[in-house]
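Visitor: requesting a structural model of the entry that follows:
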Amino acid sequence: MTYVVNEKCIKCKYTDCVEVCPVDCFYEGENMLVIHPDECIDCGVCEPECPVDAIKPDTESGLEKWLELNRKFSESWPNITSKKDALPDADAHKDESEKFQKYFSPEPGSGD
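Guide: Below is the predicted model:
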């Protein structure tokens, strides 16, 4: 098992989860974070830290797409190990649906 970040993170990118991760398995895109599934130790401390409920165990149904997306982009985006400010309009987007189709960016973030 591993944890994955889903579309609820897009356009929000709160980094409370990064701050508590004991193995630094988060990677930063332009407008979301992902978890490297081979680095995640399944401890689960990140899940309750996410204010938008964007982190789920990969054992939940329907997350196959997100597991692959997390795997793919954790290979090319920079590692992030410390908390940063959320995106400026995060609160306006936190309850929005279908964010992947509207806003997903494959571009990397700045990392640490």
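Visitor: would you list every one of the helices in this protein?
Guide: Secondary structure of the chain (DSSP state H): helices located at 16-20, 64-74, 90-93, 99-103.
Visitor: which other residues reach the last one?
Guide: The reference is to helix 99-103. 7, 8, 10, 11, 31, 93, 96 (C-beta atoms under 8 Å, 6 or more residues apart in numbering). Yep, even glycine has a C-beta here, placed from its N, CA and C like the rest.
Visitor: closest to residue 105 among the residues you listed?
Guide: Set against residue 105, the nearest of these by C-beta to C-beta is residue 31 (5.1 Å).
Visitor: thinking again about what came up before, who wins on neighbours among the contacts of helix 99-103?
Guide: residue 10 (26 neighbours; other C-beta atoms under 10 Å).
Visitor: ok, and the closest non-adjacent residue to it?
Guide: residue 99 (4.1 Å; C-beta to C-beta, 6 or more residues apart in numbering).
Visitor: what's the burial count for that neighbour?
Guide: 20.
Visitor: for residue 13, see how far away it is.
Guide: Separation of residue 99 from residue 13 (C-beta to C-beta, to the nearest Å): 11 Å.
Visitor: and what of residue 89?
Guide: Separation of residue 89 from residue 13 (C-beta to C-beta) stands at 11 Å.
Visitor: next one: residue 69
Guide: Distance from residue 69 to residue 13, by C-beta to C-beta: 15 Å.
Visitor: of the two, who's got more company?
Guide: Shown here are residue 69 and residue 13; by other C-beta under 10 Å, residue 13 has more neighbours (24 against 21).
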